[in-house]
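S.K.: could you look at this predicted model? Sequence included:
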Amino acid sequence: MITFHPPSPNLPAPDKINTFAPMKILYITNGINGSGGLERVLSVKASALAEKFGHQVCIATLNEQNHQAFYAFSPKVKFIGFNAKGNPLSYLWQYRKALNNLLAKEQPDIVSVCDDGLKGFFVPNIAKTQAKIIYERHASIRLNTNKSLKGKLMKWLMIKQAPKFDKFVVLTPGNTKEWNSYNLTTIPNPLGFECENLHPLNQKRIIAVGAHSWNKGHDLLLKIWSRIEPDFPDWQLNIYGKIDKDRVFINMAKELNLKNVHFHSPVQNIQAEYENSSVLVLPSRSEGFGMVLIEAMECGLPSVAFDCPSGPADIITHAVDGFLIENGNTVDFELKLKMLMNDHSLRIKMGSSAKENAKKYRPAVILNQWNSLFKELCPEKM
């Protein structure tokens, strides 16, 4: 059963938000049961839009009838599942039919597509609705595409389809460089919690958060750690994220004979793990935003991250609240991480700046941006 925790202090108070006439908002996504950043952001955003703004929020999930959300949603948020299966032609036919049945039933004012796959880009073509259609891009286009013929075709189709939405929302200014479309706007992700106090950063504990995939760069991190661990035997590296079925990185850690690396499945209260750590590392090859960066910063942690596309460069102020490393430069990553591990006063100084920087990602700020966008698209609702 989906549970809802009472709004924490990070949720915008009624007198801090711009209110407009309630709207019917329909989110289309692949699922809410996962533990990823998209699901976390959707739980914060949908809950606040329903609780604080009074919007009627419905989330439609594909092939996910059993809604056992990993993150808490407001009970005011409605969930609907729709199905599409079979070969590609059958799949697309079922998807189109189910989507239009859903639109006819719900009659939304706004449809927001949260699907980083190719099919989400064709919603404007197949949807029979008067609603304004938004696309929310939560990943770099490089996540879906590569140098193969299939990858090049996917990229071409995505770029061609982007202008067909009423608004195409990306997470950072850096993301806009990937899309040549007139309808772009930038709205960052909101924080999912607020950390009230600065922490001592005296725990000899490094934290990384991300699913076990090539894109998240855990292989690079383990190679870096293999050079650090002998000189810092009392420090621990803790990696949180969904573990792949082949246990690639767990086996890699064993092959490297690493003693102080610990792998954990996703946890709901990741805030507690940040608060029990002293530095965040982000070794990703690409990001859509870097949700873990702003979460760690909210908890007063300095970060070391590769300058991958896209997100870290828009979030981290280099040498002020963290270190931004040339993408793939493991030697410099190692040096900067060692610098933080060796210097407690530097961790405190950079962590304090990180905490201050994180304020602009609090929900009261971000949700006002979303509500302003809704107002722009549906002025008749004013």
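M.R.: Nice, I can see it. All values derive from a computational prediction rather than experimental measurement.
S.K.: Asn251: how many residues sit nearby?
M.R.: Applying other C-beta atoms under 10 Å, we find 10 residues neighbouring Asn251. The way it works is simple: take the backbone N, C-alpha and C, and place the C-beta from them, glycine included.
S.K.: separation between it and Val320?
M.R.: According to C-beta to C-beta, to the nearest Å, Asn251 stands 38 Å off from Val320.
S.K.: repeat for Arg96
M.R.: Taking C-beta to C-beta, one finds Arg96 at 49 Å from Val320.
S.K.: what's the answer for Ala211, then?
M.R.: Distance from Ala211 to Val320, by C-beta to C-beta: 29 Å.
S.K.: between the two, which is the more surrounded one?
M.R.: Ranked by neighbour count (other C-beta under 10 Å), Ala211 and Val320 place Ala211 first, with 17 against 14.
S.K.: where's the more buried one, which helix or strand?
M.R.: Ala211 is part of no helix or strand, with elements assigned from DSSP states H and E.
S.K.: before we move on, what about Leu340?
M.R.: helix 330-342.
S.K.: helices or strands next to the longest helix anywhere in the chain in the packing?
M.R.: Longest helix of the chain, by residue count under DSSP state H: helix 88-106. The helices and strands touching helix 88-106, judged by 3 or more C-beta pairs under 8 Å, 6 or more residues apart in numbering; DSSP states H and E, are strand 24-29, strand 56-62, strand 78-82, helix 123-126.
S.K.: at 10 Å instead, please
M.R.: strand 24-29, strand 56-62, strand 78-82, strand 110-114, helix 123-126 (3 or more C-beta pairs under 10 Å, 6 or more residues apart in numbering; DSSP states H and E).
S.K.: list the neighbouring strands of the fourth one plus their orientation.
M.R.: Same thing as strand 110-114. Using DSSP bridges, strand 110-114 pairs in its sheet with strand 24-29 (parallel), strand 132-136 (parallel).
S.K.: angle of that strand against helix 88-106?
M.R.: 150 degrees (axes from the mean of the first three to the mean of the last three C-alpha atoms, to 10 degrees).
S.K.: from His199, how far out is Pro190?
M.R.: Counting by C-beta to C-beta, the gap from Pro190 to His199 is 22 Å.
S.K.: which one's more surrounded, these two?
M.R.: Shown here are Pro190 and His199; by other C-beta under 10 Å, Pro190 has more neighbours (24 against 18).
S.K.: OK, contacts around Arg347?
M.R.: Taking C-beta atoms under 10 Å, 6 or more residues apart in numbering, we find Arg347 in contact with Pro200, Leu201, Asn202, Ser278, Val279, Gly300, Leu301, Pro302, Met339, Leu340, Met341.
S.K.: which one among those gets closest to Glu229?
M.R.: Met341 (11.1 Å; C-beta to C-beta).
S.K.: ok, that closest one - how many residues close by?
M.R.: If we define neighbours as other C-beta under 10 Å, then Met341 has 18 of them.
S.K.: same check, this time on the one 5 residues further on
M.R.: As a burial measure, the neighbour count of Leu346 was computed by other C-beta under 10 Å and equals 15.
S.K.: what's the helix or strand for it?
M.R.: Going by DSSP H and E, Leu346 is in helix 344-357.
S.K.: buried residues of that helix, list them for me.
M.R.: Arg347, Ile348, Met350, Gly351, Ser353, Ala354, Lys355, Asn357 (16 or more other C-beta atoms under 10 Å).
S.K.: work out the gap between that helix and the centre of the chain.
M.R.: 23 Å (C-alpha atoms, centre = their mean, to the nearest Å).
S.K.: which ones are touching the nearest residue to Gly36 once chain neighbours are set aside?
M.R.: Counting by C-beta to C-beta, 6 or more residues apart in numbering, the nearest residue to Gly36 once its immediate chain neighbours are dropped is Ala211, at 6.8 Å. Contact analysis of Ala211 by C-beta under 10 Å, 6+ apart lists Gly34, Ser35, Gly36, Gly37, His218, Tyr240, Gly241, Lys242, Ile243, Asp244, Pro266.
S.K.: buried subset of those residues?
M.R.: Gly34, Ser35, Gly36, Gly37, His218, Tyr240, Gly241, Ile243, Pro266.
S.K.: so the last one belongs to a strand, correct?
M.R.: No. Pro266: not assigned to a strand; according to DSSP: H, G, I helix; E, B strand; the rest coil it is coil.
S.K.: residue contacts, it?
M.R.: Gly34, Ser35, Gly36, Arg40, Phe70, Val209, Gly210, Ala211, Tyr240, Gly241, Lys242, Ile243.
S.K.: dump the residues you listed into JSON lines; add distance to Gly328 as well.
M.R.: Formatted as JSON lines, the contacts of Pro266 follow (distance: C-beta to C-beta, whole Å):
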{"residue": "Gly34", "distance to Gly328": "28"}
{"residue": "Ser35", "distance to Gly328": "27"}
{"residue": "Gly36", "distance to Gly328": "24"}
{"residue": "Arg40", "distance to Gly328": "27"}
{"residue": "Phe70", "distance to Gly328": "31"}
{"residue": "Val209", "distance to Gly328": "20"}
{"residue": "Gly210", "distance to Gly328": "16"}
{"residue": "Ala211", "distance to Gly328": "20"}
{"residue": "Tyr240", "distance to Gly328": "23"}
{"residue": "Gly241", "distance to Gly328": "20"}
{"residue": "Lys242", "distance to Gly328": "24"}
{"residue": "Ile243", "distance to Gly328": "24"}
